[in-house]
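J.: quick one, structure for this:
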Amino acid sequence: MATYSLKTVQYIPVDIDTAWDFFSNPNNLQAITPKNMGFKVLSKHTTAKMYAGQIIEYHVSPVLGIKLYWMTEITHVKEKEFFVDEQRFGPYQLWHHQHHFKVVDGGVEMTDIVHYRNPLGFLGNIANCLFVRKQLKQIFEFRFKAVEELFGKWHESVLTRIEFFKAA
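T.: So this is what the prediction gives:
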């Protein structure tokens, strides 16, 4: 059973407070997720201030419009630097998503690192080749464009990098 990872980097022309306040608020996730994913935050007790131990519940429809329950826990938070969400229940066998923020000249460098493992053993590996990897790439490409629409384009011609890796 393979573990996969992806890494994206995006530059955002805003200050760190603006970036942190937006991305660390789970209620903003829907705005940067493709509508065809049917993404909806279900949690009644989310707060705008993220904290370690916070549980966030969602509905998501990643395949054929089938609605799935997804629960993540915020496991690590270092304000204005990074936070980590990990799946507790949901479509993946493993989901570990790091969100890093770094102040750079002219704005913020945002890096996402995701480690994931599909369920169903070798069938999950086949699914990754057929559609999971492609779908994750499309989600992060959509997110890139949505962030540009919300906060503006970076002043230099720097393209987002979406890199996929397969762990040994």
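J.: pLDDT score for the nearest residue to residue 25 once chain neighbours are set aside?
T.: Nearest residue to residue 25 in three dimensions, chain neighbours excluded: residue 48, at 4.9 Å (CB to CB, 6 or more residues apart in numbering). C-betas here are computed from N, CA, C, even on glycine. Per-residue confidence at residue 48 stands at 71 (pLDDT).
J.: burial count for residue 48?
T.: 10 (other CB atoms under 10 Å).
J.: wait, a strand at it?
T.: No - the assignment for residue 48 by DSSP: H, G, I helix; E, B strand; the rest coil gives coil, which leaves it out of any strand.
J.: can you offset everything so residue one is 37?
T.: Sounds good: first residue 37 from here, last item residue 84.
J.: hang on, it packs against residue 59?
T.: No - the pair formed by residue 84 and residue 59 falls short of the contact definition of CB atoms under 8 Å, at 11.7 Å.
J.: quick check: the residue nearest to residue 61 vs residue 56, distance?
T.: As for residue 84, its distance to residue 56 is 11 Å (criterion: CB to CB, to the nearest Å).
J.: kindly list the longest helix within the chain.
T.: helix 169-187 (DSSP state H).
J.: average pLDDT for it?
T.: The average of the pLDDT scores along helix 169-187 is 91.
J.: by contact count, what packs against it?
T.: Helices and strands in packing contact with helix 169-187 are listed as strand 40-48, helix 52-59, strand 143-153, strand 197-202; criterion 3 or more CB pairs under 8 Å, 6 or more residues apart in numbering; DSSP states H and E.
J.: show me where this structure dips below the pLDDT cut-off.
T.: Under the criterion of pLDDT under 70, the regions of the chain flagged as low confidence span 100, 164, 192-204.
J.: let's see that with 90 instead.
T.: 37-40, 62-63, 65-66, 72-77, 79-86, 96-104, 126-127, 153-175, 189-204 (pLDDT under 90).
J.: tell me which residues in stretch 37-54 are buried?
T.: Of the residues in stretch 37-54, those buried under the neighbour-count criterion (16 or more other CB atoms under 10 Å) are 40-50, 52.
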